[in-house]
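S.K.: this one's structure only:
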């Protein structure tokens, strides 16, 4: 995993929100922005391989990092301007591209990308990799917890598998 | 914990008699756990509040006791799955602070900055690498499960919340215990009421019944007062800051197995069992020894003298204030303090001047962690969306922004800033 400066956290997450077309979702409700920021923060470390020093715990709404709370305000500022001035290095750009590619694949296969879908993606990966004891059937675990349709979560599972996660399921 | 399982009782100054099971007693009797008797809960707060000499040992027992009360209640309601889980949760609460460094958070910052390790990481290393693991294994409790609950990675999110959330057993115990020992009476919470109104909502979140809002408001207000009056008291912070500097210099100048400088050093300390001596009393003795040794670098001796004889850092400028926003990197107050710091450092000894900045969260408005309120016995709502509560009117954050100067240079520093 490549280390990245904590200073960049807000810019990286805001950039992904803008690129993925999640601005309206964030504007609809400030709570959505917080959930989206948490899930993208988790994915940029886990899928993007960019270590931003964030520690995530497992809660009912999936992965959550207390450290990320301090960046919500800045992320909101950047998202409301719909632009991120920061320049990114090659590793940061590659990490962003990998997460965005995966989420665009999820969007295509489930027919949309919103806060709930993002929550399901991040939660599925966390269930498969960081939660103890790991569930035998992470799809079922999420169906029960998130009350989302099984077929949607099963489709998400296929996408995350193609990125090397949850391969045993 | 059912009375039939209790093999011994221990008297606690907050909760009264606490019953212990076999496994709990054996964990407590281990050398690694006994270490907590020598780590003060509030590091150097006894410099301000002489009664604040209670330890992590008392607090760990208290957290375990509260966990038992709440877990039993949630077991009866069907949210904690088995009696064995109650024991697991009690063990997790008992062990949640077993990785604390000497002088708790004062020294922890060294390991955070140098190695990226906080006390939760250290706790994991201690549980999995010490005799505690053998005790847990012997009684059939999976050490990894306990580590998972403590680190917030357990599969059942409710269990993670019980130990780490806005209203968890850790906070409940330390607030009431610290208030008692410091004498800060406005830090006291209505613990019994709070426990009686804790439930679980339909999504599995730890929640509070609306009839318990008063107790919850009191909890938030107590916490706010304790932050200002104790945890971030100007003098307390000054002495903890001083201890951190002393420890850093000790690590820089000396070699000792009790001054671990790498992850491997820490793992060795744990596996050798020497960690049992890694506590406040050892460190105090060590710095006295170094102070008496004339070959110790003079700067270190001066800082130790300042600590031992209460001539530590004093606040020269305090620009702390409440806010609803996180502390900005471009904060004007901090820029001002930094410029004064640079000026003073050029005129005084570098180590005599120190800036302290922190951004403390008072009300958590995060959908992941915000307490939920069960309204009218049915609907679960985030706390801050309840109109009729003063919590939503509290400031969200407290920005601590202070410039400290060592006592010996304080008058000079004050006259210098008055001139400029």
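M.R.: Great, that's in hand. The model shown is predicted, which means the values in this text are computed figures rather than measured ones.
S.K.: where in the chain is pLDDT low?
M.R.: Using chain A. Applying pLDDT under 70 to chain A flags residues A:4-6.
S.K.: can you look at chain B instead?
M.R.: Scanning chain B for pLDDT under 70 picks out the ranges B:1-4, B:420.
S.K.: what does it have sitting close to chain A?
M.R.: Residues of chain B found near chain A (CB under 8 Å from any CB of the partner chain) are B:116, B:144-145, B:147-148, B:151-155, B:157-158, B:160-161, B:164, B:203-205, B:325-327, B:329, B:359, B:361, B:364, B:366-369, B:382. All C-beta spots, glycine's among them, are computed from the backbone N, C-alpha and C.
S.K.: out of these, which sit inside helices?
M.R.: Of the residues of chain B next to chain A, the ones assigned to helices by DSSP state H are B:144-145, B:147-148, B:151, B:157-158, B:160-161.
S.K.: most neighbours out of the residues you listed, which is it?
M.R.: Taking other CB atoms under 10 Å in any protein chain shown as the neighbour criterion, residue B:160 ranks highest of these with 26 neighbours.
S.K.: contacts only, for whichever residue of chain B sits closest to chain A.
M.R.: Nearest to chain A in chain B, going by CB to the nearest CB, is residue B:152, at a distance of 2.9 Å. Residues in contact with residue B:152 (CB atoms under 8 Å, 6 or more residues apart in numbering or on different chains) are A:57-59, B:160, B:163-164.
S.K.: got it, and residue B:275?
M.R.: Per CB under 8 Å, 6+ apart, neighbours of residue B:275: B:32, B:35, B:126, B:130, B:269.
S.K.: the second one should be in a helix, yeah?
M.R.: Okay, so that is residue B:35. Yes: with DSSP: H, G, I helix; E, B strand; the rest coil as the criterion, residue B:35 is part of a helix.
S.K.: that one: neighbouring residues, count only.
M.R.: Per other CB under 10 Å, the neighbour tally for residue B:35 reads 24.
S.K.: give the burial count for the residue of chain A found nearest chain B, as a bare number.
M.R.: Residue nearest to chain B within chain A: residue A:57 (2.9 Å; CB to the nearest CB). If you count neighbours by other CB under 10 Å, residue A:57 ends up with 23.
S.K.: now it. Nearest residue, chain neighbours left out?
M.R.: In this structure, residue A:57 finds its nearest non-sequential neighbour in residue B:152, 2.9 Å apart by CB to CB, 6 or more residues apart in numbering or on different chains.
S.K.: could you tell me the end-to-end distance of stretch A:67-76?
M.R.: 16 Å (CA to CA, to the nearest Å).
S.K.: now stretch A:139-152
M.R.: End-to-end distance for stretch A:139-152: 10 Å, by CA to CA.
S.K.: any idea how far residue B:373 lies from residue B:391?
M.R.: 10 Å (CB to CB, to the nearest Å).
S.K.: I misspoke; the intended subject was residue B:158.
M.R.: Residue B:158 sits at a distance of 22 Å from residue B:391 (criterion: CB to CB).
S.K.: now the strands for the chain?
M.R.: All of this refers to chain A. Listed in chain order, the strands of chain A (DSSP state E) span A:2-3, A:50-51, A:57-59, A:62-64.
S.K.: meant chain B, my bad for not saying
M.R.: Ranges of strands within chain B are B:8-12, B:16-20, B:198-200, B:206-209, B:313-318, B:321-323, B:353-361, B:372-375, B:379-382, B:397-406, based on DSSP E.
S.K.: export these as JSON lines, with columns for mean neighbour count.
M.R.: What follows is the strands of chain B, written out as JSON lines (neighbours: other CB atoms under 10 Å in any protein chain shown):
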{"stretch": "strand B:8-12", "mean neighbour count": "13"}
{"stretch": "strand B:16-20", "mean neighbour count": "16"}
{"stretch": "strand B:198-200", "mean neighbour count": "20"}
{"stretch": "strand B:206-209", "mean neighbour count": "22"}
{"stretch": "strand B:313-318", "mean neighbour count": "19"}
{"stretch": "strand B:321-323", "mean neighbour count": "14"}
{"stretch": "strand B:353-361", "mean neighbour count": "18"}
{"stretch": "strand B:372-375", "mean neighbour count": "20"}
{"stretch": "strand B:379-382", "mean neighbour count": "14"}
{"stretch": "strand B:397-406", "mean neighbour count": "22"}
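S.K.: for residue A:77, find the nearest of these.
M.R.: strand B:321-323 (15.3 Å; CB to CB).
S.K.: what are the pairing partners of that closest one, and which direction each?
M.R.: Looking at strand B:321-323 with DSSP bridges, its partner strands are strand B:397-406 (antiparallel).
S.K.: any idea of the angle the partner strand forms with strand B:313-318?
M.R.: Relative orientation of strand B:397-406 versus strand B:313-318 (axes from the mean of the first three to the mean of the last three CA atoms, to 10 degrees): 120 degrees.
S.K.: just want the angle from strand B:397-406 to strand B:353-361.
M.R.: Inter-element angle recorded for strand B:397-406 and strand B:353-361: 160 degrees (by the same axes, to 10 degrees).
S.K.: chain center to strand B:397-406, what's the gap?
M.R.: 19 Å (CA atoms, centre = their mean, to the nearest Å).
S.K.: list the residues that contact both of residue B:373 and residue B:391?
M.R.: Common neighbours of residue B:373 and residue B:391, using CB under 8 Å, 6+ apart, are B:216, B:383.
S.K.: residues near the closest residue to residue A:169 other than its chain neighbours, how many?
M.R.: Using CB to CB, 6+ apart and skipping residues adjacent in sequence, the residue nearest residue A:169 is residue A:138, 5.8 Å away. Residue A:138 has 24 neighbouring residues, counting by other CB under 10 Å.
S.K.: from residue B:247, how far out is residue A:138?
M.R.: 43 Å.
S.K.: and residue B:99, what does it touch?
M.R.: B:119-127.
S.K.: could you do residue A:31 as well?
M.R.: Taking CB under 8 Å, 6+ apart, one finds B:367, B:382 in contact with residue A:31.
S.K.: so how far is residue A:80 from it?
M.R.: For residue A:31, the distance to residue A:80 - CB to CB - is 16 Å.
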